[in-house]
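Q: Sequence first, then the predicted structure:
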Amino acid sequence: MNRVIVHSDINHCYAQLEEMRHPALRRVPMAVGGSAEKRHGIILAKNDLAKAAGVVTGESLNEARRKCPDLLIVRPDYEVYMDCTEQIKAVYRRYTDRVESFGLDEAWFDLTGTRRLNGDPVALANRIQKEVYQRFGIRVSMGISWNKVFAKLGSDLDKNMGFTVITPENYRRLVWPLPLEKLIMIGRHTQIKLNAMGLFTIGDLALTDGVAVARRLGKNGTMLWRCARGFDASPVLRSGYEEMPKSVGNSKTLVHDVTTLEQLHQVCRILCESTAARLRAGRLRGRVVSLALRGTDLRWKGSRQLRLPQPTDLAADLYSAVQALIARQQLQHISLRSVGVQVTDLVADCGFDQPGLFSDPDSRQRQRSLEKAVSEIRSRYGSDKCRMASLETDPELTDFDPLGRLHQVHPVGFLRGPSRG
């Protein structure tokens with residue numbers, strides 16, 4: 001192979017890390033899950049005993065307990081998980097400077113240029129896998145190939161500390177018989193479109209007419225067709241490399257349903273403040289504000305967006321836009337389970353505001369100073385130490401801090417930069 005790309009995947013990541021911290025958990029069926037009381041009650045990861053009992057990632061805690069009455073649920077500790085997975089990735093960085101994270105539990109690393117120092121790169125990958133297990137007691141599956149797509153696919157083929165090498169000589173035998181959804185960029189809707197063309201395996205896609213796929217799926221179709229044939233030349237990014245995100249935002253599944261406009265405005269105020277704080281932390285500003293509402297039937301009520309006259313990182317601007325979006329929807333009867341605020345069309349913070357014809361630059365600067373001071377107080381003493389008085393009318397609903405804990409870690413997009421939110 002002209003390139004040797006490795007994809008590593010920590011098997012049942014959260015559950016394994018909890019077993020590493022508390023070895024007694026290996027002897028009981030255990031799963032890491034959210035809070036049923038706060039309506040985040042799903043299985044995030046499970047150990048082998050829970051898996052043997054039929055527990056499935058993504059199902060509700062109640063469903064899991066019906067299958068396994070003795071199931072022990074452990075609350076997630078994301079700060080610990082981030083620290084542990086970074087220590088594992090530090091092992092990879094000892095051998096190459098090209099280590100690209102894909103969420104907490106996955107990473108690509110490029111061993112192409114290590115042959116003179118460490119010998120055969122495939123054998124080196126196997127040694128790294130064993131080193132991680134010996135140092136941390138963590139089982140990591142690895143896929144090795146000449147491209148990132150097949151390396152990722154290889155790590156998925158054997159989840160029990162597997163080690164799969166996909167080469168130009170064997171990929172037709174190993175890859176092409178697999179169903180389409182095994183390819184990293186094929187989701188449910190794309191799969192349906194390809195199935196309608198009579199394509200059900202990766203080999204079907206690879207052997208069909210690429211022009212027909214492009215006609216059906218556009219540029220994305222051409223890319224998928226090339227990847228199915230092994231024509232992926234995307235590089236493994238250097239450690240620490242980060243593209244500008246495409247969006248910054250926050251969403252929240254609420255402790256109880258939002259049934260009034262007043263409650264909706266209170267939740268949106270908190271989300272706007274946290275989104276603005278994220279923008280300032282990333283030295284970014286955004287021009288397009290979006291509001292997403294999901295009902296108690298778990299269906300999204302549509303996403304509305306508003307374009308601002310100039311990019312901003314001020315919560316006051318975001319909240320004004322969200323108020324306009326709420327008014328535009330003309331909501332009559334509200335029954336909402338979750339609310340999300342997102343900012344797109346991002347630019348780097350230029351350090352000043354472009355004044356409009358009727359704007360007051362001094363007023364905006366005072367607002368920015370105020371918001372930065374509030375953020376610093378909350379960062380130092382906690383979010384509950386500086387709150388709007390109006391939020392105290394329903395403290396149960398508004399007693400959350402979107403910045404206080406990383407509720408979910410989303411993988412970096414395969415072809416795009418990370419999204420912070």
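A: Received it, and whenever you're ready, just let me know what you need.

Q: need the next SSE after the helix or strand hosting residue 326, C-terminal direction.
A: Element membership for residue 326, per DSSP states H and E: helix 315-329. Following helix 315-329 in sequence order, the next helix or strand is strand 336-348 (DSSP H and E).

Q: Give the other helices and strands that the host helix or strand of residue 92 contacts.
A: Per DSSP H and E, residue 92 falls inside helix 78-93. Judged by 3 or more CB pairs under 8 Å, 6 or more residues apart in numbering; DSSP states H and E, helix 78-93 is in contact with strand 5-10, helix 13-21, strand 99-101, strand 106-110, helix 121-136. C-betas here are computed from N, CA, C, even on glycine.

Q: returning to that earlier point: what's the angle from the helix holding residue 326 to strand 336-348?
A: Using axes from the mean of the first three to the mean of the last three CA atoms, to 10 degrees, one finds that helix 315-329 and strand 336-348 are set 130 degrees apart in direction.

Q: Could you check helix 315-329 and say which residues are buried?
A: Buried residues in helix 315-329, defined by neighbour count with 16 or more other CB atoms under 10 Å: 315-323, 325-326.

Q: What about the closest residue to residue 48 other than its chain neighbours, how many residues nearby?
A: The spatially closest residue to residue 48, leaving aside those adjacent along the chain, is residue 12, at 7.7 Å (CB to CB, 6 or more residues apart in numbering). Using other CB atoms under 10 Å, residue 12 is surrounded by 23 other residues.

Q: Could you count how many residues lie near residue 391?
A: Using other CB under 10 Å, residue 391 has 15 other residues around it.

Q: I'd say it and residue 268 touch.
A: No: shown here, residue 391 and residue 268 do not form a contact pair, counting by CB atoms under 8 Å, at 11.2 Å.

Q: got the contact list for the helix holding residue 92?
A: 8, 10, 13-14, 17, 20-21, 99, 101, 104-105, 107, 109, 128, 131-132, 135-136, 138, 140, 239, 405-407, 409 (CB atoms under 8 Å, 6 or more residues apart in numbering).

Q: one more time with 6 Å, if that's ok
A: Residues from elsewhere that reach helix 78-93 (CB atoms under 6 Å, 6 or more residues apart in numbering): 17, 99, 104, 107, 109, 132, 239, 406.

Q: Check which residues of it are buried.
A: 81, 84-85, 88-89, 91-92.

Q: Just the C-alphas of that helix, formatted as CSV.
A: Provided in CSV are the C-alpha atoms of helix 78-93 (Å, rounded to 0.1, in the frame of the first residue of the first chain):
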residue,chain,number,x,y,z
TYR,A,78,-17.8,13.3,30.1
GLU,A,79,-14.9,15.2,31.6
VAL,A,80,-13.3,12.0,32.7
TYR,A,81,-14.0,10.3,29.3
MET,A,82,-12.4,13.2,27.4
ASP,A,83,-9.3,13.0,29.6
CYS,A,84,-9.0,9.3,29.2
THR,A,85,-9.5,9.2,25.4
GLU,A,86,-6.9,12.0,25.0
GLN,A,87,-4.4,9.9,26.9
ILE,A,88,-5.0,7.1,24.5
LYS,A,89,-4.6,9.4,21.5
ALA,A,90,-1.4,10.7,23.0
VAL,A,91,-0.1,7.1,22.4
TYR,A,92,-0.8,7.5,18.7
ARG,A,93,0.9,10.9,18.7
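
Q: just the angle between it and strand 106-110, please?
A: Using the same axes, to 10 degrees: helix 78-93 against strand 106-110 is 20 degrees.

Q: Centre of the chain to helix 78-93, how far?
A: Its chain's average C-alpha position is 16 Å from that of helix 78-93, according to CA atoms, centre = their mean, to the nearest Å.

Q: do stretch 173-191 as well
A: The answer for stretch 173-191 is 20 Å, by CA atoms, centre = their mean.

Q: Stretch 123-136 now?
A: 26 Å.

Q: Next: stretch 112-125.
A: 31 Å.

Q: Contacts for that stretch next, please.
A: Against stretch 112-125 from outside (CB under 6 Å, 6+ apart): 3-4, 6, 95, 111, 142, 144, 165.

Q: Apply 10 Å and report the result again.
A: 1-8, 92, 95-98, 109-111, 126-128, 142-144, 146, 151, 163, 165, 167, 236 (CB atoms under 10 Å, 6 or more residues apart in numbering).

Q: Filter these down to the buried ones.
A: Buried members of those, scored by 16+ other CB under 10 Å, are 1, 3-8, 92, 95-96, 98, 109-111, 126, 128, 142-144, 146, 151, 163, 165, 236.

Q: Assumed residue 256 was part of a helix.
A: No: counting by DSSP: H, G, I helix; E, B strand; the rest coil, residue 256 is located in no helix; its state is strand.

Q: For residue 196, grab the count of nearby residues.
A: Neighbours around residue 196, by other CB under 10 Å: 9.

Q: Check what pLDDT it gets.
A: For residue 196, the pLDDT comes out at 95.

Q: In contact with it, which residues?
A: By CB under 10 Å, 6+ apart, the neighbours of residue 196 are residue 216.

Q: Likewise for residue 129?
A: When contacts are counted by CB under 10 Å, 6+ apart, residue 129 touches 6, 8, 91, 139-142, 161-163.

Q: and the gap between it and residue 76?
A: Distance, residue 129 to residue 76, using CB to CB, to the nearest Å: 25 Å.

Q: is it true that residue 270 touches residue 394?
A: No: using CB atoms under 10 Å, residue 270 is not in contact with residue 394, being 11.6 Å away.

Q: and the two? which has more neighbours close in?
A: Comparing residue 270 with residue 394 by other CB under 10 Å, the one with more neighbours is residue 270, at 26 against 16.

Q: hang on, that one is in a helix, isn't it?
A: Yes: counting by three-state DSSP, residue 270 is found in a helix.

Q: how near is it to residue 78?
A: Per CB to CB, residue 270 is found 20 Å from residue 78.

Q: got it, and residue 52?
A: Counting by CB to CB - residue 52 and residue 78 are separated by 26 Å.

Q: Repeat that for residue 150.
A: For residue 150 relative to residue 78 (CB to CB), the value is 30 Å.

Q: residue ranges of the strands in this structure, please?
A: Remark: strands assigned in the chain by DSSP state E are 5-10, 30-33, 43-46, 72-74, 99-101, 106-110, 140-145, 163-165, 247-258, 284-295, 300-312, 336-348.
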